[in-house]
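In: Let me see the structure of the following:
(chains A and B)
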2 protein chains.
Amino acid sequence: MTDDREPAAALVSAADGGDPRALARLISLVENGSPQLRGVMKLIAPRTGRARVVGLTGAPGVGKSTITGALVRAYRGREERVGVLAVDPTSPFTGGALLGDRVRMQEHATDGGVFIRSMASRGHLGGLSWAVPQALRILDAAGFDVVLIETVGVGQAEVAIASLADSTLVIVAPGMGDSVQAAKAGILEIADIFVVNKSDRPGAQETVRDLRTMLAMAPHRDEGAWKPPIVSTSAASGEGIEDLVGRLDAHAEWLAATGERDRKRLARARDEISAMAIAELTQRLSVLPGEANLEKLAGLVASGKLDPYSAADELING
Amino acid sequence: MTDDREPAAALVSAADGGDPRALARLISLVENGSPQLRGVMKLIAPRTGRARVVGLTGAPGVGKSTITGALVRAYRGREERVGVLAVDPTSPFTGGALLGDRVRMQEHATDGGVFIRSMASRGHLGGLSWAVPQALRILDAAGFDVVLIETVGVGQAEVAIASLADSTLVIVAPGMGDSVQAAKAGILEIADIFVVNKSDRPGAQETVRDLRTMLAMAPHRDEGAWKPPIVSTSAASGEGIEDLVGRLDAHAEWLAATGERDRKRLARARDEISAMAIAELTQRLSVLPGEANLEKLAGLVASGKLDPYSAADELING
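Out: Predicted structure coming up:
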């Protein structure tokens, strides 16, 4: 249904008014790697850099979507426009908006202040680091005050999301067995706020205690550094969400006051440019004369007649 | 501790005898991206392509390590030499062999027929697709009959592992809540064998039933295609492991008989060469004269004065 030939300028100005159809088409251009994107990004560059970006990550089943929904309602209550990108690195074989979006959108169907979209990674390593920042730019330029980026919290995707976000929530739940264990592995460094969701369940206090212990054992932080708070929520009933929003506001203030926000934005731009440059070089590789040799080279490597380094050299040099 | 200057040839010939110290050093060369690797890969190329490669994936807590351990014992019982690569995509900030390896190795400390090594991804997108195939080559060339590659089953890592393996086990456990739900998302396509571990727990039969339903709803497979069996195990007690080994043998026979094994090996070599070529091009990017401009370009992009495509062009073209 996406008409790639629809003029970029028309889509961009419609998206600016919050038109969900135009927004969906622009993000489809990202997902399809459309050549139109170049023009779109040139057009919108001056309007970017305003949205607050919140990343939400956690193991499957901890209640990420419920928290996202509760945050959407809270920000809408403050008359802020909210965009949601639900990034699914576990679905490499499908793409486009998921059924879940349509269900979730229904609550906000008549509310132009909310836009929700899923993105699948399509199995391209590096795909997320290329596509998600561009989708974020589109929502940012369209004037959304807050963009929530939700992703499953295992794997490299969450690190990519954390480097995009101004504030990263790491969500765990009691009785998920390994949720804190999984959280330990590398998540400590990316969490600005820990959320213990489903806090009415047995084991919630132990989970909070585990997190406290983990934070206490963490390497010493500098004076004035941000100390990640632990917020208990029961997102289904809305309990704790006000507290969470308050913590997010406090983190945003801290980022602004310390200059950390600008530092983060600069790092994000660096990552974005590098990902683009790598994608461009990779694409050049696939159109190099050597590409026709890939089958032949693969045969030589598979049979042990050639090592992969020499094969890669030959592929690059044609 | 790793002495990068130790001659590659000496390490390779020591590793060939199964010397764990030499194997560990060679894999450290991979983890460190040592320039010595080129020479190592040239030397070992003719000896590669013999090991059977089994991938094991599943959510945290389903018992991947226990199944890996049970398979190691089973293959050792048949006098086969077994290598294990435990790939941890959730640990981007650490590297090298983990404590768990040393604990796991203890059981096999005096057994030169077993080698176990963890690899962390170090947060490099694409890092796993570059490093794991090379570590696999090292174990393959050192004469291990079977190489087990174990990884956390959420995210893109499992897809990368599945494309490396001859046979991929997708492991789930009852009472893990979302383990089958998570498995549904994209895992159907990569599983050669489903393992329902902890089959003595309540809910095991429902888990098997869920998987059966999922398989029945899958797109029609061609006549003669491999139908992924569902094996119930209780790996801690060893129950079902013999059945699992039998299914793996059957899959290996099917791969050989249908020519699918060669097709998979060719595809693996293609992926390997591409990953190498991309890594090489990326590295060239980082030494391009434009790199000095990255800070300046990032500032322009962060302030909306430039779009990331134009910045990437300038980075590449200097």
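In: For A:D313, identify the helix or strand it belongs to.
Out: Applying DSSP states H and E as the criterion places A:D313 in helix A:308-317.
In: helices and strands around that helix, which ones?
Out: helix A:294-302, helix B:37-44, helix B:127-141, helix B:260-286 (3 or more Cβ pairs under 8 Å, 6 or more residues apart in numbering or on different chains; DSSP states H and E). All C-beta spots, glycine's among them, are computed from the backbone N, C-alpha and C.
In: what's the first one packed up against?
Out: Okay, so that is helix A:294-302. helix A:308-317, helix B:260-286.
In: distance between the last one and the chain's centre?
Out: I take that to be helix B:260-286. Shown here is helix B:260-286, whose average C-alpha point lies 15 Å from the average C-alpha point of the whole chain (Cα atoms, centre = their mean, to the nearest Å).
In: Quickly compare the helices and strands packed on helix A:308-317 and say which is most buried.
Out: Mean neighbour count (mean count of other Cβ atoms under 10 Å in any protein chain shown) peaks for helix B:127-141 among the helices and strands packed on helix A:308-317, with a mean of 24.
In: Can you check what angle separates it from helix A:294-302?
Out: On the basis of axes from the mean of the first three to the mean of the last three Cα atoms, to 10 degrees, helix B:127-141 is oriented at 40 degrees to helix A:294-302.
In: any idea which element A:V87 lies in?
Out: Going by DSSP H and E, A:V87 is in strand A:82-88.
In: likewise A:T66?
Out: Secondary structure here is read from DSSP H and E; on that basis A:T66 sits in helix A:64-77.
In: what do you get for A:A14?
Out: Under the criterion DSSP H and E, the helix or strand holding A:A14 is helix A:8-16.
In: Pull out the buried positions in the helix holding A:D313.
Out: Neighbour-count burial for helix A:308-317, counted by 16 or more other Cβ atoms under 10 Å in any protein chain shown, picks out A:P308, A:Y309, A:S310, A:A311, A:A312, A:D313, A:E314, A:L315, A:I316.
In: the inter-axis angle of that helix versus helix B:127-141?
Out: Angle, helix A:308-317 to helix B:127-141, by the same axes, to 10 degrees: 130 degrees.
In: Might you list the low-confidence residue ranges for the stretch 51-200 of chain A?
Out: Low-confidence segments of the stretch 51-200 of chain A, defined by pLDDT under 70: A:89-110, A:120-129, A:153-159, A:176-188.
In: Let me know whether A:I27 touches A:V132 as I believe.
Out: No - taking contacts as Cβ atoms under 8 Å, A:I27 lies outside contact range of A:V132: 10.2 Å.
In: which residues do these two both contact?
Out: Each of A:M119 lies in contact with both A:I27 and A:V132 under the rule Cβ atoms under 8 Å, 6 or more residues apart in numbering or on different chains.
In: from the buried residues of helix A:308-317, which single one is nearest B:R265?
Out: The shortest gap between B:R265 and any of the buried residues of helix A:308-317 belongs to A:P308, at 12.8 Å (Cβ to Cβ).
In: what about the closest one, distance to B:R73?
Out: Going from A:P308 to B:R73 by Cβ to Cβ, to the nearest Å gives 33 Å.
In: same deal with A:P133?
Out: For A:P133, the distance to B:R73 under the criterion Cβ to Cβ works out to 47 Å.
In: what's the answer for A:A302, then?
Out: Using Cβ to Cβ, which is the criterion applied here, A:A302 is 31 Å from B:R73.
In: just to revisit the earlier point, the helix holding A:T66 close to chain B?
Out: No - no part of helix A:64-77 sits near chain B under the criterion Cβ under 8 Å from any Cβ of the partner chain; the closest distance found is 11.4 Å.
In: Need the contact partners of that helix.
Out: Applying Cβ under 8 Å, 6+ apart, the set of residues contacting helix A:64-77 from outside is A:54, A:56-58, A:82, A:84, A:86, A:100, A:104, A:107-108, A:111, A:113-114, A:145-146, A:148, A:150, A:152-153, A:169, A:171, A:195, A:197, A:233, A:235-236, A:238, A:241-242, A:244-245.
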